[in-house]
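Enquirer: for reference, the sequence and a predicted model appear below.
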Protein chains: 4
Amino acid sequence: MIIVLQKGTTPQQAEEFGKQLEKSYNVKVNLWEGVQSSVLGLIGDTTSIDIDAINAQSLVANVQRVQEPYKKANRKFHPDNTVITLDNGTKIGDGSLAIMAGPCSIEGEEQICGIAQSVKDSGAVILRGGAFKPRTSPYSFQGLKGEGLKYMEEAKKRTGLPIVTEIMAAEHLPLFENVDIIQVGARNMQNFELLKELGKIDKPILLKRGLACTIEELLMSAEYIMAGGNERVMFCERGIRTYETYTRNTLDISAIPALKKLSHLPVIIDPSHAAGKAWMVESLSMAAVAAGADGLIIEVHNDPAHALSDGAQSLTPQQFDATAKKLFALKNALNSINE
Amino acid sequence: MIIVLQKGTTPQQAEEFGKQLEKSYNVKVNLWEGVQSSVLGLIGDTTSIDIDAINAQSLVANVQRVQEPYKKANRKFHPDNTVITLDNGTKIGDGSLAIMAGPCSIEGEEQICGIAQSVKDSGAVILRGGAFKPRTSPYSFQGLKGEGLKYMEEAKKRTGLPIVTEIMAAEHLPLFENVDIIQVGARNMQNFELLKELGKIDKPILLKRGLACTIEELLMSAEYIMAGGNERVMFCERGIRTYETYTRNTLDISAIPALKKLSHLPVIIDPSHAAGKAWMVESLSMAAVAAGADGLIIEVHNDPAHALSDGAQSLTPQQFDATAKKLFALKNALNSINE
Amino acid sequence: MIIVLQKGTTPQQAEEFGKQLEKSYNVKVNLWEGVQSSVLGLIGDTTSIDIDAINAQSLVANVQRVQEPYKKANRKFHPDNTVITLDNGTKIGDGSLAIMAGPCSIEGEEQICGIAQSVKDSGAVILRGGAFKPRTSPYSFQGLKGEGLKYMEEAKKRTGLPIVTEIMAAEHLPLFENVDIIQVGARNMQNFELLKELGKIDKPILLKRGLACTIEELLMSAEYIMAGGNERVMFCERGIRTYETYTRNTLDISAIPALKKLSHLPVIIDPSHAAGKAWMVESLSMAAVAAGADGLIIEVHNDPAHALSDGAQSLTPQQFDATAKKLFALKNALNSINE
Amino acid sequence: MIIVLQKGTTPQQAEEFGKQLEKSYNVKVNLWEGVQSSVLGLIGDTTSIDIDAINAQSLVANVQRVQEPYKKANRKFHPDNTVITLDNGTKIGDGSLAIMAGPCSIEGEEQICGIAQSVKDSGAVILRGGAFKPRTSPYSFQGLKGEGLKYMEEAKKRTGLPIVTEIMAAEHLPLFENVDIIQVGARNMQNFELLKELGKIDKPILLKRGLACTIEELLMSAEYIMAGGNERVMFCERGIRTYETYTRNTLDISAIPALKKLSHLPVIIDPSHAAGKAWMVESLSMAAVAAGADGLIIEVHNDPAHALSDGAQSLTPQQFDATAKKLFALKNALNSINE
């Protein structure tokens, strides 16, 4: 951490401030006196230092972190890719392309089992489906909740596909026992109490990026979970909120190389929520795979026009099959190209 | 709700689709056939209709809501301003200027009691203070939690000031029994499970706008609480996230007239979190009062340079006193001007 | 300028790099060797150093400016407020409230002369009106151009009001001889060739902030004009582009205290373009005055419903009169409060 | 165009307003009377109708366009892809991958000629280089201007590569006679006077998307050029401004499928300016090609650490060669996959 002091700070003031920092934060402080300004350099673990608290000091002109504020999620301290292995042996982050597919909302047993079989036939290795649905309006369909999870477990039993679904409150955790991957939705990315609870369990977490959260904040939210002991976290980029209204959100494709460089955790892309338009899903999925994503999570619905939520962005099973074929072909081609 | 159909839709298809909508949503549908496109107009309560579901229909070119999707928070159905009265008789939304002030974090009993007395002397009518702190980093100070609430209750006992503090999880509710106003932080504005729980209790809620949430989404989150039965909700605009980095956030001053027009609920402004700079607080507070805010929530700390959080944006008690004097003088002047 | 070097940089490399910087940029470089990283501090005039060029060096971890990159617009080098005096003696930035008012587009001689008289009667001291109109669509009305300027000059002659109008290309400058203030529109804020030309003339410039330009970029664009010799520049905040769609743009009210602190130039607020809604103009204007704006530029149209552009945000002369009365009353009250 | 009228509008008022619209805009108006609101449907060419003017009418609740406001750029009226052929026969938009490469700034004859030869050897078909540089600071290097263009022409003569370079003012046009593609920079995307001038010439235009411009505004700017008679326009997405600061801008990858669907014009991606980081260029380029881009414009510099501008985002010729090999291999693979 580099602290630039205000012009006019005396050497005595600078030295005294440095000593105070050493005492408060268990760091070593070096003082460099320039002509206009003096600079303090803090050596040691500065992750827990609150930049705002430093900024509030009257002597301080500005502060700059040199060290990233995340540790367990940081590739520097964990150079190899994290590979997440599910109970049935499915791997995420091992260089394969993990496609998660299924409906936005679970609407019934036959619906979810039918879609499960068809996305499995097309190459998906994980079934997605929403039982608890975060909806902007209290008057919209809120999901089948526990009943929906039961249907999803049935689909898992019939097809052998591991399942991923969203949690909205820690007290629902007992219902998630048979779930393979727990999803934290974009609106809960900074629900820190929920993250802490997920840090105590032993299930992989799919952590979706908040609508207006930075890449560093996403890393910090992963750090919350990992700091609790659960290191099996995947990132999911699903579009950020910008001024552009043509798409529902703006897919931040650069998040893929950024997260792969800064962290060792797998990166999944959700083209369906990013675009909000079914016809755009294939193009964005191709881009995500080419940019190095470890997986995709795609909405598929047997009857999008009658879907209870997000029908506009769902592929039909036939569309999904055609898209998946291209995605696997692309992944194969990239394997040769990147060799 | 106005639905424009795709070019090429036949009158038969349009009529059939209209009938289907009437059956599904208990509305009356009018069909207007244009030369290029046909338009359906839905009459009745369309609040619970999911626009995405309509958009997903293959016949649909686009959809437009005419009716706002919120009811209880809507001024149309509740033309008079809602006035919230606290147990000690303090009123918010009655045309007075309600100033809430206090430290970002409660750090100790003497600290909070001292600040409480001093902000009361300067004219604040509610004491703010954070016991549960949502922090980006798991390694930052997370608040004194239950202990902090005890100190705050002591400050309330000594000064008579009602207290407002943030809740981060519904399971902490029992600790909030003596709290007068429960704050929902920006990061939890769309934590719908928490909102539902707050709809079941009988305490005023200060609902902060999410960093990237629209005014309509803020209204919908209030609707979640009100739909549960708790109609004592106040909005709090605290800056939104934009591309500008000079300020911590961008205070959306237009949210004041917008919310006052669309809703009957009181509007509070938080200039401290918006700016992130203590020297800007007075200027933004003056602007907020002039634009018609019902109240302000301002960070005050006895020793900002040693504050455990957000010191950079806290006023000293002396600064707060000077600012409060100006704000009350402005409010008085506005009372004459707007007469 | 503070340059943090990559970990692993040897003292020899650091020293050599420092010498190279001294030679290239005519600065003095101090080297501070930390345990993890070395830091270089550049002393001297670093305004012309391109941060990107430094960042590109393989040894560099990151760079931070200490000195602001603008000089002539910088309050540090010009502590007193700049007061701009027009030919008729009207002053902007002297502590008074300068209201500029008039139609978005000039539509005819009688229209502009009529509005001019009525806004003058209500207290406006400058007449605004658009002759060259930047329109998103090539098929929309583009303004009366030279003819419009003639009508505006006639209105100036009849009422004595100085006039402000927008320029869209440097080659139109000869037409602007009788214009008192030349406006640079938001879309041209970084049309650097135009700014350079305006730096060579001797007329006050009203520089509007670009839709997605930072406060620092606005200061740099003023610097372009001032560097050419024309130091009579006013800033105009007119709303920035954000994700919120309820208002046309989001008025960045914090730009007022920010610009007043960083620069000595006057700050004008345009509530009409910010809101895009006539009913919001009064509330935003009051906020702007309370926050310390030196002036306002407000759209007034005798018949908004038939305006050729931006009618939705125009006040009628009657509405403007009522609003102006309140604004002057507020300004008077503030003069006492801030004494 | 669909106009929803205010509740309470009488049938007589609605009818009269409809007649007035028919007269003003040469359209046919249908009236549909609902229970709560009446709706007017405008049939005919509504491209030139100003939505704001309609919105300003006191009877109007809201307005919605059905027809896109652009014609010449619209795929609906021009279903086939536009293919742009340069003088030497190079084609853009014909299904091949057109790579434009070269330095941000032209720094000297040997520099540009050397880079030209090396990027040609790696497969680039067009040489890019900046002679007129839009720089935020008036104190930064502004480009070699006319002299730079001469060096670029020399590079064209030696290598046979067509050249693309940015124009900043219409009066420089005579200097661009030997330029093959004229680039309009992001900051000039809505410099409408410049666009009009470019509509009068007979050279392909590379139109970069403004930092905060929507896809529709980009289409409208193309329409400005095309309305003037010059229909050889290419779009260039180069990152938009968002709240994220890790990358210089956020590459809006969805702009590729969006623009290809809405328009028939070629789409080029600039990964260098989007990311601002050389190590990210390959990943973003791969994504762009997979998403269907017609070409790329990539910064290549022989010595990025000493580049006079934007060195941080430039590839070395060696890096570019490796990246180009992968891009062409990917393009080949996609040709088979998409067959």
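Expert: Good, I have the coordinates. Numbers count the residues shown, from 1 in each chain, chains lettered A, B, ... in the order given.

Enquirer: ok, and does the longest helix along chain A reach over to chain D?
Expert: Ranked by residue count and defined by DSSP state H, the top helix of chain A is helix A:317-337. Yes: when contact is scored as Cβ under 8 Å from any Cβ of the partner chain, part of helix A:317-337 falls within range of chain D: A:326, A:329, A:330, A:333, A:334, A:336, A:337. The way it works is simple: take the backbone N, C-alpha and C, and place the C-beta from them, glycine included.

Enquirer: which residues touch that helix?
Expert: A:95-97, A:99, A:101, A:115, A:118-119, A:121-124, A:278, A:281-282, A:285-286, A:289-290, A:296, A:298, A:300, A:302, A:315, D:286, D:290, D:326, D:329-330, D:333-334, D:336-338 (Cβ atoms under 8 Å, 6 or more residues apart in numbering or on different chains).

Enquirer: pull out the buried residues from the residues you listed.
Expert: Neighbour-count burial (16 or more other Cβ atoms under 10 Å in any protein chain shown) applied to the contacts of helix A:317-337 gives A:96-97, A:99, A:101, A:115, A:118-119, A:122, A:124, A:278, A:281-282, A:285-286, A:289-290, A:296, A:298, A:300, A:302, A:315, D:286, D:290, D:326, D:330, D:333-334, D:337.

Enquirer: taking those one by one, which sit in helices?
Expert: Among these, the ones falling in helices (DSSP H) are A:115, A:118-119, A:281-282, A:285-286, A:289-290, D:286, D:290, D:326, D:330, D:333-334, D:337.

Enquirer: hang on, the earlier thing: out of the residues of helix A:317-337 next to chain D, which is nearest to chain D?
Expert: Top of the list for closeness to chain D, among these and by Cβ to the nearest Cβ, is residue A:333 at 3.5 Å.

Enquirer: quick check: residues of the stretch 101-250 of chain A near chain B?
Expert: On the criterion Cβ under 8 Å from any Cβ, chain B has as its neighbours in the stretch 101-250 of chain A the residues A:134-141, A:168-171, A:187-188, A:190-194, A:196, A:210-212, A:217, A:220, A:223-224, A:227-228, A:241.

Enquirer: do that again at 7 Å, thanks
Expert: Counting by Cβ under 7 Å from any Cβ of the partner chain, the residues of the stretch 101-250 of chain A lying close to chain B are A:134, A:136-140, A:168-169, A:187-188, A:190-193, A:211-212, A:217, A:220, A:223-224, A:227, A:241.

Enquirer: next one: stretch A:265-278, is it in contact with chain D?
Expert: Yes: under the criterion of Cβ under 7 Å from any Cβ, stretch A:265-278 makes contact with chain D via residue A:275.

Enquirer: give me the domain ranges for chain A.
Expert: A:2-64, A:84-338 (automatic domain parsing).

Enquirer: centre of the chain to the longest one, how far?
Expert: To tie it back to what came earlier, the one meant is domain A:84-338. Distance, stretch centre to chain centre, for domain A:84-338: 9 Å (Cα atoms, centre = their mean, to the nearest Å).

Enquirer: how far does it stretch from one end to the other?
Expert: One end of domain A:84-338 sits 22 Å from the other (Cα to Cα, to the nearest Å).

Enquirer: can you give me the strands in chain A?
Expert: Applying DSSP state E to chain A gives strands spanning A:2-5, A:28-33, A:38-43, A:60-64, A:84-85, A:91-92, A:98-102, A:126-128, A:163-167, A:181-184, A:205-208, A:233-237, A:267-269, A:295-299.

Enquirer: what's the average pLDDT for the fourth one?
Expert: The reference is to strand A:60-64. Within the predicted structure, the mean pLDDT of strand A:60-64 is 82.

Enquirer: the fifth one too?
Expert: Along strand A:84-85, the predicted local confidence has a mean pLDDT of 98.

Enquirer: got it, and the last one?
Expert: The predicted model gives strand A:295-299 an average pLDDT of 98.

Enquirer: where does pLDDT dip in chain A?
Expert: Residues of chain A that meet the criterion pLDDT under 70 lie in A:34-36, A:307-310.

Enquirer: enumerate the residues of it near chain C.
Expert: A:2, A:4, A:30, A:32, A:34-37, A:39, A:41, A:43, A:61, A:64, A:66, A:241-243, A:245.

Enquirer: now do the contacts for residue A:99.
Expert: Each residue near residue A:99 by Cβ atoms under 7 Å, 6 or more residues apart in numbering or on different chains is listed here: A:123, A:124, A:125, A:295, A:296, A:298, A:324, A:327.
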